[in-house]
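J.: Got a predicted structure here, sequence first:
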Amino acid sequence: DSGVTQTPKHLITATGQRVTLRCSPRSGDLSVYWYQQSLDQGLQFLIQYYNGEERAKGNILERFSAQQFPDLHSELNLSSLELGDSALYFCASSVEPGGPEAFFGQGTRLTVV
Amino acid sequence: GNSVTQMEGPVTLSEEAFLTINCTYTATGYPSLFWYVQYPGEGLQLLLKATKADDKGSNKGFEATYRKETTSFHLEKGSVQVSDSAVYFCALSDRSGAGSYQLTFGKGTKLSVIP
């Protein structure tokens, strides 16, 4: 158990809808990252937060947004969903921004139908 | 920018065979290097790490040595087991110009071990 909790584990929704994925980092970790893992794209970095502030942005679509709250949990919002958004979404956390190592949650499997 | 290149998979080995998964990196600073493992249906777990040149990371029979001269961090295991079947990711962590670390992952190598 990495100590990183993601909910829900599975999510099935229709195209055009909006969903929110939730992540609770390990106790004491201030930095949270979101990754998308799909079969054809591998592990894609989306966005990173540190102590409530955005620190780095990767290949995150404009339809996606995230935030980190004062209690350090984070939410990833995905809107106007398309079939191609179906993927595993991972949250990870670390003590410092970006390192030195990250601890991953079990992921949320999103299926858009 | 930083990048990690690891060998394409999938890799299929018989039980007790020797495993090597190649990983090379490009980084502007002095990165820390990691191998993560993802078992079926699970998230990524840190397998081993090395934080400076010539360091050897090891865990569960796996080893990797930080080679600065060849910018490599190849993963090895002397005798694989069926339970080692998983996807292996090489990664680096390096401080960006903004002072925070940037984590960069390779594409992953799927290993299947057959009895």
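T.: Thanks, I have it. Residues are numbered from 1 along each chain as shown, chains lettered A, B, ... in the order given.

J.: Report the beta-bridge partners for the closest residue to B:V11 other than its chain neighbours.
T.: Residue nearest to B:V11 in three dimensions, not counting chain neighbours: B:L111, with 5.0 Å by Cβ to Cβ, 6 or more residues apart in numbering or on different chains. C-beta coordinates here come from the backbone N, C-alpha and C atoms, glycine included. Beta bridges link B:L111 to B:V11, B:A86 when assigned by DSSP bridges.

J.: My guess is B:L111 contacts B:G9. True?
T.: Yes - using Cβ atoms under 8 Å, B:L111 is in contact with B:G9, at 7.0 Å.

J.: Look up the residues that both of those two are in contact with.
T.: B:V87 (Cβ atoms under 8 Å, 6 or more residues apart in numbering or on different chains).

J.: so A:E54 touches A:Q48, yeah?
T.: Yes - the criterion here is Cβ under 8 Å, and A:E54 meets it with A:Q48 at 7.3 Å.

J.: Report pLDDT for residue 74.
T.: Just so you know, I chose chain A. If you check A:S74, the pLDDT there is 98.

J.: meant chain B, my bad for not saying
T.: Predicted confidence (pLDDT) at B:H74: the value is 98.

J.: what sits against it?
T.: Contacts of B:H74 (Cβ under 8 Å, 6+ apart): B:20-23, B:64-65.

J.: Make a ChimeraX selection of the buried ones in the residues you listed.
T.: The following ChimeraX line selects those of the contacts of B:H74 that are buried, judged by 16 or more other Cβ atoms under 10 Å in any protein chain shown:
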select /B:21,22,23,64,65
